[in-house]
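# only geometry, no sequence info:
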């Protein structure tokens with residue numbers, strides 16, 4: 001209670017035999033918006049469903065764009081509410097989800113541009129086949145924006161089906177030869193964007209990859225062991241079809257996680273094309289006392305620059321920048337990681353480091 005505001009906040013939690021829920025909310029009557037009741041509610045929970053499905057929800061609502069910030073309940077620019085169900089097994093993964101975005105931009109500039117609702121449905125299946133592994137995938141998303149203005153309020157739906165196969169064969173000298181091939185079929189529906197003359201484009205995306213790895217392992221006299229693995233990949237992919245909007249692949253990162261990826265775009269809409277070679281080497285040491293260190297070095301060579309990546313990503317041109325990533329971990333007490341991206345002249349595109357320290361009495365990051 002103050003002379004300008006009267007607020008009641010509450011939290012409710014309950015556990016069940018199959019899950020739990022938690023509600024956090026508040027209601028206010030103040031002089032900032034006289035005559036109006038201001039409020040918010042955050043609700044989250046998770047439950048186990050029959051047939052090994054899991055259900056989760058995380059719902060967020062507020063009466064106005066400034067309420068959370070005015071009272072210190074949150075600093076989010078966008079409230080994201082999610083309802084989803086999934087099932088994970090050894091050979092399959094199924095997920096259905098509905099996401100609602102509520103922009104708290106008080107100027108309203110982002111309200112029409114950002115999507116409001118996103119529905120996703122996907123299923124992935126692994127099958128042991130012909131000495132390798134086949135993968136079948138089905139993906140669907142439907143994304144809507146509130147604006148009816150052409151271009152600004154673009155609504156997009158995508159249905160994609162893909163099939164791939166990968167096999168690995170160990171050679172007599174210890175090398176591992178791998179091969180992978182597959183194809184993806186896409187069908188889109190695009191509304192309220194005159195830029196796309198075909199509002200129902202389709203695409204065919206074939207790809208192939210040949211990989212050669214040479215893993216080495218050595219035991220130390222102290223009881224630890226090291227691994228060293230040079231990797232060479234030759235990858236080709238192409239896109240045959242009309243252009244589609246980029247809704248899911250806007251952010252592009254270059255790191256040790258996708259150095260040997262067939263596609264460095266994160267989503268479905270953009271596909272890395274052309275013939276290219278992914279080259280790199282990884283080294284890891286595990287000590288008997290519980291600490292470990294790792295180093296990854298790599299580069300990508302393209303036979304022709306497709307002009308798909310910005311210079312800031314470190315992936316542009318007919319050859320990428322160098323990627324050097326190092327990490328050191330000592331149990332759960334010390335963690336140090338550094339990732340550097342630089343060209344042949346050692347001009348850095350980016351360099352980032354993180355240090356985490358933890359003791360019985362303090363934590364530092």
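Arrived safely, thanks for sending. As the structure is a computational prediction, the values presented were derived from the model and not from experiment.

# List the contacts of the spatially most central residue of the chain.
Residue closest to the mean C-alpha point of the chain, counted by C-alpha atoms, centre = their mean, is residue 266 at 6.1 Å. Counting by C-beta atoms under 8 Å, 6 or more residues apart in numbering, residue 266 makes contact with 248, 249, 251, 252, 253. Just so you know, the C-beta spots here come from the backbone N, C-alpha and C atoms, and that holds for glycine as well.

# Tell me the one of those residues nearest residue 94?
Minimum distance to residue 94 across the contacts of residue 266 is 19.2 Å, recorded for residue 248 (C-beta to C-beta).

# Excluding covalently adjacent residues, which one is nearest to the closest one?
residue 267 (2.6 Å; C-beta to C-beta, 6 or more residues apart in numbering).

# Repeat that for residue 4.
Once flanking residues are discounted, residue 4 sits nearest to residue 31: 4.5 Å by C-beta to C-beta, 6+ apart.

# measure residue 197 to residue 29 for me?
Look at residue 197 and residue 29: by C-beta to C-beta, to the nearest Å, they are 54 Å apart.

# Would you mind telling me which of these two has more residues around it?
residue 29 (15 against 9; other C-beta atoms under 10 Å).

# so which strand or helix has the more buried one?
Assigned by DSSP states H and E, residue 29 belongs to strand 19-30.

# Same check on residue 157?
strand 155-170.

# Who are the packing partners of that strand?
strand 132-144, strand 176-191 (3 or more C-beta pairs under 8 Å, 6 or more residues apart in numbering; DSSP states H and E).

# got the phi/psi numbers for the residue nearest to residue 310 when sequence neighbours are not counted?
Leaving aside its chain neighbours, residue 310 sits nearest to residue 316 (6.2 Å; criterion: C-beta to C-beta, 6+ apart). Backbone torsions of residue 316, given as degrees, to the nearest 10, read phi -80, psi 160.

# for residue 316, what are its contacts?
For residue 316, the contacting residues are 305, 307, 309, 310, by C-beta under 8 Å, 6+ apart.

# By neighbour count, which of those residues wins?
Ranked by neighbour count (other C-beta under 10 Å), these have residue 309 at the top, with 20 neighbours.

# need the contact list for that one.
Contact analysis of residue 309 by C-beta under 8 Å, 6+ apart lists 252, 264, 315, 316.

# go on, residue 94?
For residue 94, the contacting residues are 86, 87, 122, 123, 124, by C-beta under 8 Å, 6+ apart.

# just the buried members of the residues you listed?
Taking 16 or more other C-beta atoms under 10 Å as the criterion, what is buried in these is 86, 122, 124.

# Let me have the residues you listed in TSV, extended by distance to residue 180 and pLDDT.
Listed next are those as TSV, based on distance: C-beta to C-beta, whole Å; pLDDT from 0 to 100:
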residue	distance to residue 180	pLDDT
86	26	97
122	20	97
124	15	97
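
# Let's see the pLDDT reported for the closest residue to residue 174 other than its chain neighbours.
Spatial nearest neighbour of residue 174, excluding adjacent residues (C-beta to C-beta, 6+ apart): residue 214 at 6.6 Å. Here the pLDDT value assigned to residue 214 is 95.

# what's the neighbour count on residue 214?
That count, for residue 214 with other C-beta under 10 Å as the rule, works out to 15.

# Show me the shaky parts of this structure.
Along the chain, the parts satisfying pLDDT under 70 run over 106-110.

# same thing but at 80, please
For the chain, the stretches flagged by pLDDT under 80 are 105-113, 148, 150-152, 331-332.

# quick revisit: with secondary structure and distance to residue 72 added, can I get the contacts of residue 316 in a markdown table?
Shown next, in a markdown table, are those (DSSP: H, G, I helix; E, B strand; the rest coil; distance: C-beta to C-beta, whole Å):
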| residue | secondary structure | distance to residue 72 |
| --- | --- | --- |
| 305 | coil | 50 |
| 307 | coil | 47 |
| 309 | coil | 41 |
| 310 | coil | 38 |
